[in-house]
Each structure stands twice: as C-alpha cells, then as structure tokens.
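A.B. asks: here's my sequence, what's the structure:
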Amino acid sequence: MTLFSLLLVLGWERLFKMGESWQLDHHLAPFFRHQRRFSLTRTLLMLVVAMAVITLCLLALEGLFFGLLKLLFWIAVGLLCIGAGSVRLHYHAYLKAASHNDTDAHNAMAEELTMIHGIPVDCNEREYLAALQNALLWINYRFYLAPLFWFVVGGAWGPVLLVGYAFLRGWQSWLARHHSPLERAQSGIDAILHCIDWIPVRLVGVAYALLGHGERALPAWFATLGDRHSAQYQVLTNLAQYSLAREPHTDKVETPRVAVALAKKVSFVMVIVVALLTIYGALV
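C.D. replies: Residues are numbered from 1 along each chain as shown. Presented below is the predicted three-dimensional model:
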C-alpha cells in the first residue's frame with residue numbers, strides 16, 4: 001500500500017498541488033497562532049497529540065469497506081504532508097522577477113525561500129546564489145525526501161510518522177516567520193529536527209555524493225557518519241555542492257534552476273529505490 005499511495009500522491013502533487021489548500025502547514029496555522037508559550041516539553045506534547053490523532057484514525061478505519069477508506073486516508077495524509085505547493089509558487093515568482101531584472105521582487109522571493117537559514121550578510125553575488133541553491137535543495141529535502149523517508153520506514157504506521165514530521169516542519173516554519181529567534185530556541189524545534197533528520201540526511205547525501213564528484217564527495221560523506229554536531233542543513237548542502245561545483249554561480253536565473261534540476265534527479269532516484277525495495281519484498 002505504501003508504494004501505491006506514494007506514487008498516487010507524487011503524481012497528484014506534480015499535476016495539481018499549487019498553493020496552500022492541500023498543505024498541512026497551512027491548516028495548522030490557526031492552531032499555531034494561539035501558542036504563546038514555548039518550550040521543548042510543549043513542542044513534544046503537541047507532537048504526541050498530532051501523532052495520536054492519526055493513530056486513532058488508522059485504528060478506526062481498519063477493515064472498513066475492505067480497506068478502501070484506509071487507503072483513501074493514506075493518500076489524503078500523503079497529499080497534505082508531501083509537496084511544497086506554495087513554495088513552488090515563490091520559486092516561480094523569483095524566476096519571473098529575476099528574468100525581468102526586477103531586483104526588489106526577486107530579492108523578496110529569495111528571502112522567502114531562504115527564510116529558515118537565511119542569506120549571509122554582506123555576501124557577494126556568488127555566495128548569494130550558492131545560498132539560494134542550498135535553500136532550494138533543503139526545501140526539496142524538507143517537503144519531499146524526508147517525508148518520503150518517514151512515510152516508507154513507518155510501514156503500516158507510515159501516516160503517523162509522516163504527520164509527525166510535517167507537524168514539526170510546519171511548527172519550525174511558523175516560528176521562523178512569526179516569532180523571535182529566542183522563542184524558536186526555547187521551543188526546542190531545531191534540536192528535535194536535528195536528531196530526526198540525522199539518518200535521512202545521510203541517506204539522501206549518498207545520492208548527492210554519487211551524482212557529484214565521487215572521489216571527493218564520498219570521503220566527505222563517510223566523514224559525516226561520525227559527525228553529531230554539524231547542522232543537517234550544512235551536511236546535506238555541502239554534499240550537494242560537490243555536484244553543483246561544475247556549474248558557474250553567476251546567473252541569477254540558471255543557478256537556482258540547476259539546483260532544482262539536481263534535487264528532482266535525486267528525488268527520482270529515491271523513488272526508484274523505494275519501488276525496487278518494495279518489488280523485492282524489503283518494504284511493505
């Protein structure tokens with residue numbers, strides 16, 4: 001059921017998911033808006049409640065209408081949690097503004113795309129475009145590759161892990177957009193995601209390493225296996241930059257397009273791996 005649901009979700013997301021209507025982050029906004037106190041305990045409690053709700057739904061749907069309702073629920077959860085419809089609109093708006101040399105507009109969209117990790121202060125054009133590439137690679141990981149990982153490894157409870165991850169992703173984005181760095185630190189969200197992302201970042205990193213300069217990227221990847229302190233964002237984007245190093249960081253339109261093309265290629269590889277593992281019985 002995992003592979004079937006995943007393929008339907010990815011196909012629908014690619015064809016129809018534009019904007020926020022089919023994005024869990026958007027529907028959680030009214031709940032996040034009422035949060036006034038921030039702590040690690042509170043974040044974990046909200047996470048447990050979100051996952052418990054999905055668990056109860058799966059148990060309630062077990063065996064109904066020969067499993068059809070459960071399948072539809074899996075697909076609905078996947079559509080809400082996998083994909084970046086609204087972010088894709090920001091990306092296309094950036095490309096349109098950049099192609100028309102609208103500096104204010106394309107800088108505004110770049111700030112939107114790099115909201116979580118930002119752009120270095122007083123950086124040159126090359127560093128600016130490299131930071132934008134890294135942000136796009138991370139968005140692809142956050143909205144596609146990491147949700148895919150948790151959806152698959154969860155097996156029969158894939159939707160539970162998927163919603164849990166999407167909840168944390170949405171909470172981090174909300175805090176970055178609407179609250180101070182201190183409140184975000186108090187929530188503990190970055191520390192939680194740092195631990196949760198450790199394994200999937202390194203699995204995705206293998207694909208980036210193999211698609212890039214293997215003689216340099218693979219030793220760098222092996223070095224990350226013992227690294228517990230570097231930010232997962234840095235680990236992933238550093239490996240990805242080995243693949244992007246061949247491309248010049250000079251054009252404000254083509255440079256982000258190259259990063260997105262690489263991210264799509266890695267996503268395709270990961271889906272193929274999941275399909276092969278399912279066919280050979282390693283996954284349900």
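A.B. asks: now the nearest residue to residue 173 once chain neighbours are set aside: which helix or strand?
C.D. replies: In space, and not counting its chain neighbours, residue 173 is closest to residue 25: 6.2 Å by CB to CB, 6 or more residues apart in numbering. C-betas here are computed from N, CA, C, even on glycine. Assigned by DSSP states H and E, residue 25 belongs to helix 24-33.
A.B. asks: convert the C-alpha atoms of that helix to PDB, please.
C.D. replies: Presented in PDB, the C-alpha positions along helix 24-33 are these (Å, rounded to 0.1, in the frame of the first residue of the first chain):
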ATOM      1  CA  LEU A  24      -0.900  20.600   6.300                       C
ATOM      2  CA  ASP A  25       1.300  23.600   7.300                       C
ATOM      3  CA  HIS A  26      -1.400  26.000   6.100                       C
ATOM      4  CA  HIS A  27      -4.200  24.200   8.000                       C
ATOM      5  CA  LEU A  28      -2.100  24.100  11.200                       C
ATOM      6  CA  ALA A  29      -1.700  27.900  11.100                       C
ATOM      7  CA  PRO A  30      -4.800  28.700  13.300                       C
ATOM      8  CA  PHE A  31      -3.600  26.300  15.900                       C
ATOM      9  CA  PHE A  32       0.000  27.700  15.900                       C
ATOM     10  CA  ARG A  33      -1.400  31.200  16.100                       C
END
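A.B. asks: so how far is the next helix or strand after that helix from its chain's centroid?
C.D. replies: Downstream of helix 24-33, the first helix or strand assigned by DSSP H and E is helix 40-61. Distance of helix 40-61 from the chain centroid (CA atoms, centre = their mean, to the nearest Å) equals 20 Å.
A.B. asks: sort out which residues of the helix holding residue 25 are buried, please.
C.D. replies: Across helix 24-33, burial judged by 16 or more other CB atoms under 10 Å covers 24, 25, 28, 29, 32.
A.B. asks: same check on stretch 210-230?
C.D. replies: For stretch 210-230, the buried set under the neighbour-count rule, 16+ other CB under 10 Å, comprises 210, 211, 212, 217, 218, 220, 221, 224.
A.B. asks: next, the distance between the ends of that stretch.
C.D. replies: This stretch, stretch 210-230, spans 21 Å end to end (CA to CA, to the nearest Å).
A.B. asks: neighbouring contacts of it?
C.D. replies: The contact list for stretch 210-230, computed with CB atoms under 8 Å, 6 or more residues apart in numbering, reads 198, 202, 205-206, 208-209, 235, 238-245, 262, 265-266, 269.
A.B. asks: hmm, back to that, now render the buried residues of helix 24-33 as a markdown table, adding pLDDT.
C.D. replies: Formatted as a markdown table, the buried residues of helix 24-33 follow (pLDDT from 0 to 100):
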| residue | pLDDT |
| --- | --- |
| 24 | 90 |
| 25 | 88 |
| 28 | 92 |
| 29 | 90 |
| 32 | 94 |
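A.B. asks: many thanks, have a good one.
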